[in-house]
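Peer 1: structural data only, the sequence is not supplied:
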């Protein structure tokens, strides 16, 4: 004999609730993402080990610089036909500093200028030293300051022209040399340097005339004569 319905139905309902609860618990474990009875969940968000977005690279190259185009092409190539600068002075254009004696002289000259900004000899000497160190901008500044005190000095104006040429300012250099030669047509350094600048800016015929003039007024034993002859050969003159 079975149990009366009023008793059996509640008992069956309790067992059904218990059974469904146990079944649901097993299902949660089986399909969970952690602590799963079937191992870790396999349906995970795409890219678990994500590759982080790479930021745009920072430019490491220096920005481009723009220079005013020059008509000339710079010093003549080959041999030693570049414009001569001062023969004395010193400094290191690349790496390190100037030797101790040169540094002492620089400091002494700067002290002289600090005491007397119109010290012509100190200005010229500093210009020569900066030229020899290939710091042509600084040399140009010193030569201009010296010329402001002594505008008729052909040596300083020629040195200014050499510095301008070495820095690529050939038209300015030519103007300075023409100014020297207007007052002293046979000033040897200016005649030679003018030939160099004329060749640099492509005025071949004028350069040939300048170098021939130079040889005519100096003679074959002049220190620059071999350079002038080499330039004439290069120019086909």
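Peer 2: Structure received. In this text the structure is predicted, and so the values were computed from the model without any measurement.
Peer 1: and residue 144, what does it touch?
Peer 2: Residue 144 makes contact with residue 160, according to Cβ atoms under 8 Å, 6 or more residues apart in numbering. Yep, even glycine has a C-beta here, placed from its N, CA and C like the rest.
Peer 1: pull up the gap between it and residue 103, please.
Peer 2: Between residue 144 and residue 103 the distance is 24 Å, computed by Cβ to Cβ, to the nearest Å.
Peer 1: again, but for residue 168
Peer 2: 29 Å.
Peer 1: and for residue 115?
Peer 2: In terms of Cβ to Cβ, residue 115 sits 19 Å off from residue 103.
Peer 1: again, but for residue 205
Peer 2: To residue 103, residue 205 is 46 Å away according to Cβ to Cβ.
Peer 1: so residue 235 sits against residue 199, correct?
Peer 2: Yes. At 6.5 Å, residue 235 and residue 199 qualify as touching, with contact defined as Cβ atoms under 8 Å.
Peer 1: the more surrounded of these two?
Peer 2: Looking at residue 235 and residue 199 with other Cβ atoms under 10 Å, you find the greater number of neighbours at residue 199, namely 26 against 16.
Peer 1: any idea how many residues pack against the closest residue in space to residue 219 that isn't next to it in sequence?
Peer 2: Spatial nearest neighbour of residue 219, excluding adjacent residues (Cβ to Cβ, 6 or more residues apart in numbering): residue 225 at 7.2 Å. By other Cβ under 10 Å, the residues close to residue 225 number 16.
Peer 1: please apply the same query to residue 183.
Peer 2: Neighbour number of residue 183 under other Cβ under 10 Å is 11.
Peer 1: the one 4 residues further on too?
Peer 2: A count of nearby residues for residue 187, using other Cβ under 10 Å, gives 19.
Peer 1: now do the one 3 residues further on
Peer 2: Per other Cβ under 10 Å, the neighbour tally for residue 190 reads 27.
Peer 1: was I right to think it contacts residue 184?
Peer 2: Yes. Here residue 190 reaches residue 184: they are 7.3 Å apart, a contact under Cβ under 8 Å.
Peer 1: now do the shared contacts for those two.
Peer 2: If you check residue 190 and residue 184 against Cβ under 8 Å, 6+ apart, the residues they both contact are residue 154.
Peer 1: for residue 69, give me the pLDDT.
Peer 2: Per-residue confidence (pLDDT) for residue 69: 29.
Peer 1: begin at 57, not 1, for the rest of this chat.
Peer 2: In the new count, where the first residue is 57, that last one comes out as residue 125.
Peer 1: on that earlier part again, the more surrounded of residue 261 and residue 159?
Peer 2: Each of residue 261 and residue 159 has its neighbours counted (other Cβ under 10 Å); residue 159 has more, 13 against 10.
Peer 1: check the secondary structure at the more buried one for me.
Peer 2: What DSSP: H, G, I helix; E, B strand; the rest coil gives for residue 159 is helix.
Peer 1: how is the protein carved up into domains?
Peer 2: With domains defined by automatic domain parsing, the chain comprises 154-207, 226-293.
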